[in-house]
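Colleague: Predicted model and sequence follow; I will ask about them next.
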Amino acid sequence: MVRNIGNLDRIIRIVAGLALVSLVFVGPQTPWGWLGLVLIGTAAIGWCPPYALLGLSTCSAPSRKA
(Lines give C-alpha, C1' and ligand atoms only; values in the text may rest on other atoms or scores of the structure.)
Protein backbone atom coordinates (compact mmCIF):
# COMPACT_ATOMS: atom_id res chain seq x y z
CA MET A 1 0.00 0.00 0.00
CA VAL A 2 1.33 3.39 -0.98
CA ARG A 3 0.62 6.23 1.43
CA ASN A 4 -1.86 8.60 -0.22
CA ILE A 5 -3.10 10.73 2.69
CA GLY A 6 -1.16 13.86 3.64
CA ASN A 7 -0.77 15.29 7.14
CA LEU A 8 -3.49 17.94 6.83
CA ASP A 9 -5.91 15.36 5.43
CA ARG A 10 -5.07 13.02 8.34
CA ILE A 11 -5.77 15.73 10.91
CA ILE A 12 -9.10 16.59 9.27
CA ARG A 13 -10.08 12.91 9.18
CA ILE A 14 -9.22 12.41 12.86
CA VAL A 15 -11.20 15.49 13.96
CA ALA A 16 -14.20 14.57 11.77
CA GLY A 17 -14.01 10.94 12.92
CA LEU A 18 -13.97 11.90 16.58
CA ALA A 19 -16.90 14.25 16.01
CA LEU A 20 -18.90 11.45 14.39
CA VAL A 21 -18.03 8.93 17.11
CA SER A 22 -19.10 11.45 19.74
CA LEU A 23 -22.60 11.35 18.20
CA VAL A 24 -22.93 7.80 19.54
CA PHE A 25 -22.59 9.02 23.12
CA VAL A 26 -23.77 12.66 23.06
CA GLY A 27 -26.45 14.48 21.14
CA PRO A 28 -28.78 12.41 18.97
CA GLN A 29 -27.07 9.15 20.08
CA THR A 30 -27.29 7.63 16.63
CA PRO A 31 -25.41 4.46 15.65
CA TRP A 32 -24.36 6.16 12.40
CA GLY A 33 -21.65 7.83 14.45
CA TRP A 34 -19.64 4.60 14.35
CA LEU A 35 -18.79 5.45 10.73
CA GLY A 36 -16.29 7.88 12.24
CA LEU A 37 -14.11 4.85 13.00
CA VAL A 38 -13.54 4.46 9.26
CA LEU A 39 -12.15 8.00 9.07
CA ILE A 40 -9.96 7.43 12.12
CA GLY A 41 -8.72 4.12 10.70
CA THR A 42 -7.77 5.55 7.32
CA ALA A 43 -5.98 8.43 9.05
CA ALA A 44 -4.09 5.99 11.26
CA ILE A 45 -2.76 3.88 8.38
CA GLY A 46 -2.32 6.80 5.95
CA TRP A 47 -4.05 5.02 3.08
CA CYS A 48 -7.51 5.57 1.62
CA PRO A 49 -8.93 2.92 -0.77
CA PRO A 50 -11.13 5.38 -2.76
CA TYR A 51 -8.12 7.66 -3.25
CA ALA A 52 -6.15 4.67 -4.58
CA LEU A 53 -8.93 3.72 -7.00
CA LEU A 54 -9.20 7.28 -8.31
CA GLY A 55 -5.44 7.86 -8.41
CA LEU A 56 -5.62 10.74 -5.91
CA SER A 57 -3.05 11.65 -3.30
CA THR A 58 -2.86 14.48 -0.77
CA CYS A 59 0.55 13.34 0.40
CA SER A 60 3.21 15.94 -0.44
CA ALA A 61 6.15 13.63 0.28
CA PRO A 62 7.23 11.12 -2.35
CA SER A 63 5.19 7.95 -1.96
CA ARG A 64 6.89 4.86 -0.69
CA LYS A 65 5.64 1.36 -0.25
CA ALA A 66 5.03 0.15 3.28
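Modeller: Yep, that arrived. Numbering: from 1, shown residues only.
Colleague: Show me where the chain has its helices.
Modeller: For the chain, helices defined by DSSP state H occupy the ranges 7-25, 36-45, 49-54.
Colleague: pLDDT of the longest one, averaged?
Modeller: Within the predicted structure, the mean pLDDT of helix 7-25 is 96.
Colleague: got the contact list for the nearest residue to D9 once chain neighbours are set aside?
Modeller: Spatial nearest neighbour of D9, excluding adjacent residues (CB to CB, 6 or more residues apart in numbering): T58 at 4.3 Å. Any C-beta I mention is one placed from the backbone N, CA and C, and that applies to glycine too. The neighbours of T58, taking CB atoms under 8 Å, 6 or more residues apart in numbering as the test, are N4, I5, G6, L8, D9, Y51.
Colleague: which parts of stretch 23-34 are buried?
Modeller: Judged by neighbour count using 16 or more other CB atoms under 10 Å, the buried positions of stretch 23-34 are L23, V24, G33.
Colleague: Could you check stretch 6-21 and say which residues are buried?
Modeller: When neighbours are counted by 16+ other CB under 10 Å, the buried residues of stretch 6-21 are found to be D9, R10, R13, I14, G17, L20, V21.
Colleague: show me the contacts for the most centrally placed residue in the chain.
Modeller: For the chain, L39 is the residue whose C-alpha lies nearest the centre (CA atoms, centre = their mean; 3.2 Å). With contacts defined as CB under 8 Å, 6+ apart, the neighbours of L39 are R13, I14, A16, G17, L20.
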